[in-house]
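Student: The following comprises the amino acid sequence and a computationally predicted model.
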Amino acid sequence: MAAAGLASAKNCKMEGLIEQIVNLITSLIDKGGYAGVFFLMLLEACCFPIPSEIVLVSAGFLAGQGKFSLPITLAVGLGGALAGSTITYCVGRYGGRPLLVRYGRYVLLTESRLASVETWFHRHGPKAVFICRWISGMRAIISIPAGLCHMPYPKFLLYTALGSGAWVITGTLFGKIVGQNWKTLGQIGHYLLAAAVVAVIVLLALHHFRKGRKEIIEK
């Protein structure tokens, strides 16, 4: 019973944190306009824990409501992603691994996390830069091993533009569709949000369970 109560408390805490992040991001976009979208996308690409899923869907939603221009929203979203990715690439290339290990913890970049992304990069090569733009948690970090391995910047920029561009278009268009049909979806919006929160909590729980199980097996 105590364990169940503790799990329930953690779930409530996680749900509250997710809701706060969503509210903060949507508020910044609503007040900051296109500059807010650019800045948030740049921060995510610099390894700050800013979920671009929420940024793009929120911006697309405002485009669907007629408050944002869709072409400009897509442009600033991609521009922020490219600018942030370039900064992260340069940190990896010119700062080196010691700098990343020393200061990475301030943006939730642990040494083990960096090592796993490096392994993925070495296994898949430049394709990893494109593919990881679709994977939450790896979207920003993949720029670091690209810099560490001195991947040519023009090639890095091309793969980043293709991957991030496709991601920005997908997320923004999804938000735009929701914004255009909000009167219809509004009645079930709260249930969809609750379901999304539960899904995130379950995925995080499974991730920690598998990680803990792997550590036990290795010991």
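Tutor: Nice, thanks for sending it over.
Student: In CSV, please show the C-alpha coordinates belonging to stretch 78-96.
Tutor: Output in CSV follows, covering the C-alpha atoms of stretch 78-96 (Å, rounded to 0.1, in the frame of the first residue of the first chain):
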residue,chain,number,x,y,z
LEU,A,78,13.5,25.7,-38.6
GLY,A,79,15.7,28.7,-38.1
GLY,A,80,15.8,28.2,-34.4
ALA,A,81,16.5,24.5,-34.7
LEU,A,82,19.4,25.2,-37.2
ALA,A,83,20.9,28.0,-35.0
GLY,A,84,20.8,25.9,-31.9
SER,A,85,22.2,22.8,-33.6
THR,A,86,25.0,24.9,-35.0
ILE,A,87,25.9,26.1,-31.5
THR,A,88,25.8,22.6,-30.1
TYR,A,89,27.9,21.3,-33.0
CYS,A,90,30.5,24.0,-32.4
VAL,A,91,30.6,23.2,-28.6
GLY,A,92,31.3,19.5,-29.5
ARG,A,93,33.9,20.3,-32.2
TYR,A,94,35.8,23.1,-30.5
GLY,A,95,35.0,22.5,-26.8
GLY,A,96,35.8,18.8,-26.8
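Student: For it, buried residues please.
Tutor: Residues of stretch 78-96 classed as buried by neighbour count (16 or more other Cβ atoms under 10 Å): 78-89, 91-93, 95. Heads up, the C-betas are built off the backbone N, CA and C, glycines and all.
Student: And the contacts of it?
Tutor: The contact list for stretch 78-96, computed with Cβ atoms under 8 Å, 6 or more residues apart in numbering, reads 37-47, 52, 99-100, 133, 140-141, 143-148, 150, 153, 156-157, 160-161, 164-165, 167-168.
Student: Emit the ChimeraX select command for whichever of those residues are buried.
Tutor: If you want just the buried ones from the contacts of stretch 78-96 in ChimeraX, going by 16+ other Cβ under 10 Å, the selection is:
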select :37,38,39,40,41,42,43,44,45,46,47,52,100,133,140,141,143,144,145,146,147,148,156,160,161,164,165,167,168
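Student: Keep only those of the contacts of stretch 78-96 that are in helices.
Tutor: Counting by DSSP state H, those place 37-45, 52, 99-100, 143-148, 153, 156-157, 160-161, 164-165, 167-168 in helices.
Student: which secondary structure element contains E118?
Tutor: Assessed by DSSP states H and E, E118 sits inside helix 111-124.
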